[in-house]
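After the sequence you'll find the predicted model.
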Amino acid sequence: MIQTIGVIGAGQMGSGIAHVGAQNGFTIRLLDVDPKALAHAVEHIDGNLERLIARGKLTAKEKAETLGRIHGITDYRDFKDCDLVIEAATENEPIKREIFKHLVPHLNERAMVATNTSSISITRLAATTDRPERFIGMHFMNPVPVMKLVEIIRGIATDDATYEAIHELSVKLGKTPAVSEDFPAFIVNRILLPMINEAVYTLYEGVGSVEAIDTSMKLGANHPMGPLELADFIGLDTCLSIMNVLYDGLADSKYRPCPLLVKYVEAGWLGRKTKRGFYDYSKDVPVPTR
Ligand SMILES: CC(=O)CC(=O)SCCNC(=O)CCNC(=O)[C@H](O)C(C)(C)COP(=O)(O)OP(=O)(O)OC[C@H]1O[C@@H](n2cnc3c(N)ncnc32)[C@H](O)[C@@H]1OP(=O)(O)O
Ligand SMILES: NC(=O)C1=CN([C@@H]2O[C@H](COP(=O)(O)OP(=O)(O)OC[C@H]3O[C@@H](n4cnc5c(N)ncnc54)[C@H](OP(=O)(O)O)[C@@H]3O)[C@@H](O)[C@H]2O)C=CC1
C-alpha cells in the first residue's frame, strides 16, 4: 500500500503534486536541487491552502496537518522509505535520465517509480532504471489541485500490479484516470500542443495580435484561457520540448515548432515563471507583448 510518496522537482507541477498528496493524507518527501525552490514551493502551497480556507473548503487545523506532511529534502537518501517516487523535474530527457540514475540506488526494493513527463517515452525512461516493471507514467494536469485528470501511461514492461496501484492512487487523490498508450505526448498534449503551436504561428504570421488570438479562442470556442495565455501558464520551455518530442517522435512536419516559440525560449522568455512570455507579468495585470 502506498503511504509515503517522494516527489522530484519542486516547480509548479512538483509542488502541486505534493499539495494534493499531502491534503489526501500521504507523507510527502519533496526533493529539489535548489533549496530556494523548496522554500518557494512550500510558500506556494501555503498560499493555495489559505485560499481554500478563505472559501470555507479547509480548516486551519487541516492546513497545518497538510503542511506537516510535506518534508523538503535535497538528498536522495531520504527517499529510502518511499513506496513511490514521482519525478516532476524539467521536461528534458537527459536531465530525467540523470535523475533516475541518482535515484535508483536509494530506493527500497518494492518502491515504484512514476514520471510526470508531458511527452517523453515511458518505455525509454523506464529502461534507465533497474525496475521497468515498476515504472509508469502518471501525468497530472496544471494546476494540479484543480484539474481532474491523470493520464496513466504504461511502458512496454510495466506490470499489472503497478498499473493497479497507480490507478487506485489517482482515485484516492480525487482524480479521474484515463489510460494512454506510450506514444509521443500521449493524448492531451498530442491534441493540445499542436493547437498552441498553431496559435503561435497565427501570431508569427501576423494573422492576429496576442489579445485578438486569446479573445477569439476564449469567446469563440469557450476555452477558459486563450492558447497564448495557456502557453505562458504551462511554460514556453515545456511547450517547445513537447513539440520537439512530437516532431522527432512522429517524424511529421506538421509538428514543426513555430520559430517564434523557439526564439522566445532562446531569449529566456518562458512565460509566467520568468514574468515574460506572450504577456508581460511584471505589473498587476498581464500586458500583451505583441
Ligand atoms: C502541459 C501538460 O503536460 C498538460 C497540462 O497540464 S495542459 C494545461 C491544462 N490546464 C488547463 O488547460 C487550464 C485552463 N484554465 C482553467 O481551467 C482555468 O483558467 C483555471 C482553473 C486555471 C482558473 O480558473 P478561473 O475560473 O479563471 O479562476 P478562479 O475562479 O480564480 O479559480 C477557479 C478555482 O481554481 C482554483 N485555482 C485557480 N488557479 C489555481 C492554481 N494555480 N493552483 C491551485 N488552485 C487554483 C481557485 O482557487 C478556484 O477554486 P474553487 O473553485 O475551489 O474556489
Ligand atoms: N507545466 C505544465 O503545465 C505541466 C508540466 N508537466 C511536466 O511536469 C514536469 C515539471 O514541469 P513544471 O513543474 O512545469 O516545470 P518547472 O520548470 O516549474 O519545474 C521544474 C523543477 O525541476 C527542477 N529540477 C531541474 N533539474 C532537476 C534535477 N536534476 N533534480 C531535481 N530537480 C530538478 C527545477 O529546478 P531549477 O529551476 O533549479 O532548474 C524546477 O524546480 C515536466 O516533465 C513537465 O513536462 C506535466 C503536466 C503539466
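All right, it came through fine. Ligands and ions are numbered 1, 2, ... in the order given.

who's in contact with the closest residue to ligand 2 within the chain?
For the chain, the residue closest to ligand 2 is residue 11, as judged by CB to the nearest ligand atom, at 1.7 Å. C-beta coordinates here come from the backbone N, C-alpha and C atoms, glycine included. Neighbour list for residue 11: 32, 37, 41, 88-90, 273 [criterion: CB atoms under 8 Å, 6 or more residues apart in numbering].

let's see 10 Å
Shown in contact with residue 11 (CB atoms under 10 Å, 6 or more residues apart in numbering): 32, 34, 37, 40-41, 44, 88-90, 235, 238, 273.

Please convert the buried members of these into PyMOL selection syntax.
Command for PyMOL, covering only those of the contacts of residue 11 found buried under the criterion 16 or more other CB atoms under 10 Å:
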select buried, resi 32+37+41+44+88+89+235+238+273
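
Could you pull out the helices in this protein for me?
For the chain, the helices defined by DSSP state H cover 12-23, 35-54, 60-68, 93-103, 122-126, 160-172, 188-204, 210-221, 227-234, 236-250, 259-266.

Make TSV out of those helices and add mean pLDDT and distance to ligand 1.
Output for the helices of the chain, formatted as TSV (pLDDT from 0 to 100; distance: least, CB to the nearest ligand atom, whole Å):
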stretch	mean pLDDT	distance to ligand 1
helix 12-23	97	7
helix 35-54	96	5
helix 60-68	97	13
helix 93-103	97	14
helix 122-126	98	14
helix 160-172	98	15
helix 188-204	98	5
helix 210-221	98	10
helix 227-234	98	4
helix 236-250	98	6
helix 259-266	98	14
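
can I get these in JSON lines with distance to residue 283?
Compiled in JSON lines, these are given as follows (distance: least, CB to CB, whole Å):
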{"stretch": "helix 12-23", "distance to residue 283": "21"}
{"stretch": "helix 35-54", "distance to residue 283": "20"}
{"stretch": "helix 60-68", "distance to residue 283": "30"}
{"stretch": "helix 93-103", "distance to residue 283": "32"}
{"stretch": "helix 122-126", "distance to residue 283": "40"}
{"stretch": "helix 160-172", "distance to residue 283": "38"}
{"stretch": "helix 188-204", "distance to residue 283": "21"}
{"stretch": "helix 210-221", "distance to residue 283": "15"}
{"stretch": "helix 227-234", "distance to residue 283": "14"}
{"stretch": "helix 236-250", "distance to residue 283": "19"}
{"stretch": "helix 259-266", "distance to residue 283": "19"}
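
and which of the contacts of residue 11 is nearest residue 101?
residue 89 (12.8 Å; CB to CB).

out of the helices of the chain, nearest to residue 139?
helix 188-204 (7.5 Å).

Is there proximity between that closest one and ligand 2?
No: in terms of CB under 6 Å from any ligand atom, no part of helix 188-204 sits within range of ligand 2; the closest distance is 8.1 Å.

Check which helices and strands that helix sits against.
For helix 188-204, the elements it packs on are strand 149-154, strand 176-180, helix 210-221, helix 227-234, helix 236-250, helix 259-266, judged by 3 or more CB pairs under 10 Å, 6 or more residues apart in numbering; DSSP states H and E.

quick one: that helix to chain centroid distance?
Averaging C-alpha positions (CA atoms, centre = their mean, to the nearest Å) puts helix 188-204 18 Å from its chain's average.

Stretch 185-204 too?
That offset, for stretch 185-204, works out to 17 Å (CA atoms, centre = their mean).

Pull up the distance across stretch 118-132, start to finish.
19 Å (CA to CA, to the nearest Å).

follow-up on the earlier one: most packed of the helices and strands packed on helix 188-204?
Ranked by mean neighbour count, those are led by helix 227-234 with a mean of 25 (mean count of other CB atoms under 10 Å).

so how far is residue 23 from residue 224?
Separation of residue 224 from residue 23 (CB to CB, to the nearest Å): 23 Å.

quick one, which of the two is more surrounded?
Between residue 224 and residue 23, residue 23 has the larger neighbour count (other CB atoms under 10 Å), namely 24 against 8.

roughly how far apart are that one and residue 45?
9 Å.

what touches both of the two?
Applying CB under 10 Å, 6+ apart, one finds that residue 23 and residue 45 are jointly contacted by 63, 66-67, 70, 145.
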